[in-house]
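A.B. asks: based on what follows, work out the 3D shape:
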Amino acid sequence: MRKLFIFIFISFAAPLTAAAQQAKAKDKFILVIDAGHGGKDPGAVNGKSYEKDINLDVALELGRLIEKECKDVQVIYTRKTDVFVELYKRAEIANKAKANLFISIHTNSSKSKSAYGAETYLLGVEADRTSANLNAAIAENNAVIYESDYETRYEGYDPNSPESMIIFEFLQNEYQSESQKMAILVQNQMTGFGGRPDRGVHQAGYLVLWKNAMPSILVELGFISNTDECRYLCSTEGKNKMAECLKRAFVSYLEDSRKQDNKANIVNIVDNVNNVNNVNDGNDDQTIYRIQFMTSGSRLKDNDKRFDGLERIWTYSEGSLIKYTCFGDTDQNQVKAKLSQVRKKYPDAFIVKFKGGEKIK
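C.D. replies: Next comes the predicted model:
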């Protein structure tokens, strides 16, 4: 009887333990680290120094540091060796993993040998675009020339034409706020702890960030075209320092995310804010267009002043975040007509689509 009891206990305990481990894995923060370029795509080059090698070494060291310090983080790499990975596949890896954050690591280059310093990008288009920022994005996007059928895959993007950047002209990314937060943290570490010259945080049309369904940034560690900076970035000291900067920024971002999770109440889609009943929702078969203007870690009061001037407020949730929308309608043109009005108060507002109460691409 005793042996039978032990057998039964083990038989039931094993699946329970597996289920517990699976549940625990779901709670992990998933970070995707992307080492830019690779394989037949060397990236920027200075003599025998290749961008792809710097990027990979920093990416692997960053992952090692995070795995050592952050036990509740799962690190996924788009590449761990010197192989070529298409830009669209890097986004697929992150999206399939349902990542919480995407960091793409690159090394800059310029025709001017005196250019130096670190800068960090998020997806978007700046109002005061500079040729330097545009050229940086075009240079990194040139990786598509190693891909077959890139004209179709990237919706007509031509790496030889700056005018092709028009595909990003009206793009508003729903993860822009979180991406900017991470970008600022990275830049602060690069210029503070890392001691790198500050070239700022910018927005640009990077194809590697284009299709990502999570906060995403691209960091340019420095200029391989600058002799002194190239020597530093190729050294073990320089690579380790850059990885440590990124790790410190990530830990700060993670801690802030955890605080937001603790404050927030995970909710289902809610339709009881303000005059939501006036929304023209049609039926479940119709597509509803709404303007998303704000994300919050906790629910705001119905009479919050931040809703002033907005109509038909409606919320939905993703994870622990509550996302606020307004001016919902089945007529897309009606919603578009309101977008400029909302952007006067919320510049990053953008249109989202819903069907049957669920957000769709």
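
A.B. asks: which secondary structure element contains the nearest residue to residue 35 once chain neighbours are set aside?
C.D. replies: Nearest in space to residue 35, with sequence neighbours left out and distances taken as C-beta to C-beta, 6 or more residues apart in numbering, is residue 59 at 3.8 Å. (Each C-beta comes from the backbone N, C-alpha and C, glycine too.) When elements are assigned from DSSP states H and E, residue 59 belongs to helix 51-69.

A.B. asks: outside of that helix itself, list whatever touches it.
C.D. replies: Residues external to helix 51-69 that are found in contact with it (C-beta atoms under 8 Å, 6 or more residues apart in numbering): 31, 33-39, 41-45, 73, 75, 77, 79-82, 103, 105-107, 109, 221, 224, 233-234, 239-240, 242-244, 246-247, 250-251.

A.B. asks: so what secondary structure elements neighbour the longest helix anywhere in the chain?
C.D. replies: If you go by DSSP state H, the chain has its longest helix at helix 236-263. With contacts defined as 3 or more C-beta pairs under 8 Å, 6 or more residues apart in numbering; DSSP states H and E, helix 236-263 has these neighbours: strand 29-35, helix 51-69, strand 101-108, helix 176-191, helix 227-234.

A.B. asks: which of the contacts of helix 51-69 are buried, as a ChimeraX select command?
C.D. replies: Listed next is the ChimeraX selection for buried residues among the contacts of helix 51-69, using 16 or more other C-beta atoms under 10 Å:
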select :31,33,34,35,36,37,38,41,43,44,73,75,77,79,103,105,106,107,109,221,224,233,234,239,242,243,244,246,247,250,251
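
A.B. asks: where exactly do the helices run in this protein?
C.D. replies: 2-26, 51-69, 87-96, 131-141, 150-153, 176-191, 207-210, 227-234, 236-263, 332-343.

A.B. asks: settle this for me: residue 350 is touching residue 290, isn't it.
C.D. replies: No - assessed by C-beta atoms under 8 Å, residue 350 is found out of contact with residue 290, at 10.0 Å.

A.B. asks: these two: which is more packed in?
C.D. replies: Higher neighbour count among residue 350 and residue 290: residue 290, with 25 against 18, using other C-beta atoms under 10 Å.

A.B. asks: tell me who's in contact with the closest residue to the more buried one other than its chain neighbours.
C.D. replies: Take residue 290 and drop its neighbours on the chain: the residue closest to it by C-beta to C-beta, 6+ apart is residue 325, 3.7 Å away. Going by C-beta under 8 Å, 6+ apart, residue 325 touches 290-293, 313-316, 352.

A.B. asks: quick one: buried ones out of these?
C.D. replies: 290-293, 313-316, 352.

A.B. asks: list the contacts of residue 222.
C.D. replies: 107-108, 116-118, 196, 229, 232-233.

A.B. asks: in those, which residue is surrounded by the most others?
C.D. replies: Of these, with other C-beta under 10 Å as the count, residue 107 tops at 30 neighbours.

A.B. asks: any idea how far that one is from residue 218?
C.D. replies: Using C-beta to C-beta, to the nearest Å, residue 107 is found at 11 Å from residue 218.

A.B. asks: got any ranges where the stretch 201-350 of the chain has weak pLDDT?
C.D. replies: Residues of the stretch 201-350 of the chain that meet the criterion pLDDT under 70 lie in 261-284, 297, 319-320.

A.B. asks: now, the contacts of residue 325 that are in strands?
C.D. replies: 290-293, 314-316, 352 (DSSP state E).

A.B. asks: need those in CSV with distance to residue 260, can you?
C.D. replies: Converted to CSV, the ones in strands among the contacts of residue 325 look like this (distance: C-beta to C-beta, whole Å):
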residue, distance to residue 260
290, 23
291, 23
292, 18
293, 18
314, 22
315, 16
316, 17
352, 21
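
A.B. asks: between the residues you listed, which sits nearest residue 358?
C.D. replies: Nearest to residue 358 out of the ones in strands among the contacts of residue 325 is residue 316 (C-beta to C-beta; 8.6 Å).

A.B. asks: measure that closest one to residue 303 for me?
C.D. replies: Counting by C-beta to C-beta, the gap from residue 316 to residue 303 is 20 Å.

A.B. asks: leaving out chain neighbours, which residue sits closest to the residue nearest to the spatial centre of the chain?
C.D. replies: Centroid-nearest residue in the chain, with C-alpha atoms, centre = their mean: residue 216, separated by 1.6 Å. Leaving aside its sequence neighbours, residue 216 sits nearest to residue 102 (C-beta to C-beta, 6+ apart; 3.9 Å).

A.B. asks: for that neighbour, list each beta-bridge partner.
C.D. replies: Under DSSP bridges, the beta-bridge partners of residue 102 are residue 32, residue 216.

A.B. asks: quick one, what contacts it?
C.D. replies: 31-32, 34, 94, 209, 212, 214-217 are the contacts of residue 102 under C-beta under 8 Å, 6+ apart.

A.B. asks: circling back to that earlier point, show the average pLDDT along the helix holding residue 59.
C.D. replies: Mean pLDDT, helix 51-69: 97.

A.B. asks: now swap in stretch 29-48 and tell me
C.D. replies: 95.

A.B. asks: residues contacting the residue nearest to residue 77 when sequence neighbours are not counted?
C.D. replies: Once flanking residues are discounted, residue 77 sits nearest to residue 33: 5.4 Å by C-beta to C-beta, 6+ apart. Taking C-beta under 8 Å, 6+ apart as the contact definition, residue 33 lies against 59, 62-63, 75-78, 103, 105.

A.B. asks: what's the local residue count around residue 65?
C.D. replies: The burial count for residue 65: 19, using other C-beta under 10 Å.
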